[in-house]
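Visitor: below are the sequence and a predicted model; questions follow.
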Amino acid sequence: MQTGLLRGGGPVPGDVASTLVDLVAGEPVRISERPRSHVRAPDKPVGVDCPLGPPGPARRVRGIGTAWQRAAIVDGHVVQGSAYATVVPADGSSRRPWSHYLSRPGVIESVGRTRWPELAGAFAVAQRAPDTLDLGGVARQAADRVQHNLRGAGRPPLRAARTGLRWVVLVEPCDPSPGGIRFAVHGDALRVLSFSVAEASASRLAAIAEDLALHDWLITVMLEVTRKAAIGVLPREEVIARLLPAIDYLLHLWLPRMADDELARALWTVLESRVGFSRQWDLLVHRVRDQLSAGTVAAFSSFSSAIRQ
């Protein structure tokens, strides 16, 4: 999935956002306002027919079927493009008519001798072969279309690069809580999350991953904003000017959605203990607010001196 800042000079209202994410003609767009604005397009099936991963000795695993694609706008500021699918074994070794695969939307059938832990590991590596299944590209298309729909938008005061999250879940007999959780950061643009569960729907897992991707993107952008602000190097006034767009665009977006999902809570609990998302976010927010406080004190002191003179 792909997460980035929506083009334009400010947040778009809900009715505009619903038009931007409308990727499926005739299907209603899902709109919610609480606990924050979230506008999401209905899932759209996209056909795939390609290798699933690097071949093992004397074998090649092929995936045929459809993946779900969708786009969303969070709080009028952030655009997300997502793609996900469930990979299952095919009944035989022959390719079937497309009508068969279209009747099972969101399912990709694995043709060939498939070792599921090995396949999950192949999806979780940072660099994938160019001809293998690339759901990140399908997600990128959804985000690009939303940005393209916003024609004539102005240039936002805050420039923020996109980040991508690839999530891989192995469904196998195990404890109800997620196991084998791994979260890896590869450069500036890619994160990989992998774990195993006993049972969970793909749409539920996608919603959890989208929320995690949003909050990882927020931390990534805040790190870049504070770096470019050159705190302690530039004059205080210039530092604050560089931090103000982050205050307008980012600080209010931190709100992990854990309350209504036990699996999300369990996953976030582990990630918080290992990665420390909230601790890192709090440190960044305090640093920004400390600069504002210092600037306010300095401005007040200058104003008081001017009055005394």
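Guide: Ah, there it is.

Visitor: how about the closest residue to Val197 other than its chain neighbours, what does it touch?
Guide: Spatial nearest neighbour of Val197, excluding adjacent residues (C-beta to C-beta, 6 or more residues apart in numbering): Pro178 at 5.3 Å. All C-beta spots, glycine's among them, are computed from the backbone N, C-alpha and C. By C-beta atoms under 8 Å, 6 or more residues apart in numbering, the contact set of Pro178 is 195-197, 263, 266-267, 270.

Visitor: any idea which residue sits dead centre in this protein?
Guide: Geometric centre of the chain, nearest residue: Ala213, 3.1 Å, by C-alpha atoms, centre = their mean.

Visitor: so that one, which of the three states?
Guide: helix (DSSP: H, G, I helix; E, B strand; the rest coil).

Visitor: how close does the residue nearest to Val197 get to Ser94?
Guide: Using C-beta to C-beta, to the nearest Å, Pro178 is found at 36 Å from Ser94.

Visitor: do the same with Thr3
Guide: On the measure of C-beta to C-beta, Thr3 and Ser94 end up 39 Å apart.

Visitor: repeat for Thr19
Guide: The gap separating Thr19 from Ser94 is 43 Å, by C-beta to C-beta.

Visitor: pick out whichever of those two has more residues nearby.
Guide: Thr19 (14 against 7; other C-beta atoms under 10 Å).

Visitor: how many other residues sit next to the nearest residue to the more buried one once chain neighbours are set aside?
Guide: Nearest residue to Thr19 in three dimensions, chain neighbours excluded: Asn149, at 7.2 Å (C-beta to C-beta, 6+ apart). Residues lying near Asn149 (other C-beta under 10 Å) number 16.

Visitor: same check, this time on Pro28
Guide: Applying other C-beta under 10 Å, we find 10 other residues in the vicinity of Pro28.

Visitor: Gln69 too?
Guide: Going by other C-beta under 10 Å, the residues that sit close to Gln69 add up to 24.

Visitor: could you do Trp68 as well?
Guide: 22.

Visitor: could you do the one 10 residues further on as well?
Guide: Neighbourhood size, Val78 [other C-beta under 10 Å]: 23.

Visitor: so it sits against Gly8, correct?
Guide: No - Val78 is not in contact with Gly8 according to C-beta atoms under 8 Å; the separation is 11.9 Å.

Visitor: re the thing from before, and the residue nearest to Thr19, how far from Ala142?
Guide: Distance from Asn149 to Ala142, by C-beta to C-beta: 11 Å.

Visitor: equivalent analysis for Ser94, please.
Guide: Separation of Ser94 from Ala142 (C-beta to C-beta): 32 Å.

Visitor: return the strand or helix carrying Thr3 as CSV; C-alpha atoms alone will do.
Guide: Assigned by DSSP states H and E, Thr3 falls within strand 2-5. Extracted C-alpha coordinates of strand 2-5, given in CSV (Å, rounded to 0.1, in the frame of the first residue of the first chain):
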residue,chain,number,x,y,z
GLN,A,2,1.0,3.6,-0.6
THR,A,3,0.5,6.6,1.7
GLY,A,4,1.2,10.2,0.9
LEU,A,5,0.0,13.8,1.2
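
Visitor: and it, what does it pack onto?
Guide: strand 78-84, helix 135-149, strand 163-171, helix 202-229 (3 or more C-beta pairs under 8 Å, 6 or more residues apart in numbering; DSSP states H and E).

Visitor: okay, buried residues for stretch 109-124 please.
Guide: Residues 109-112, 114, 119-120, 122-124 are the ones in stretch 109-124 that count as buried (16 or more other C-beta atoms under 10 Å).

Visitor: now, those that are in strands?
Guide: 109-111 (DSSP state E).

Visitor: possible to save the residues you listed as CSV with pLDDT?
Guide: Supplementary listing: these in CSV, determined by pLDDT from 0 to 100:
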residue, pLDDT
Glu109, 96
Ser110, 93
Val111, 91
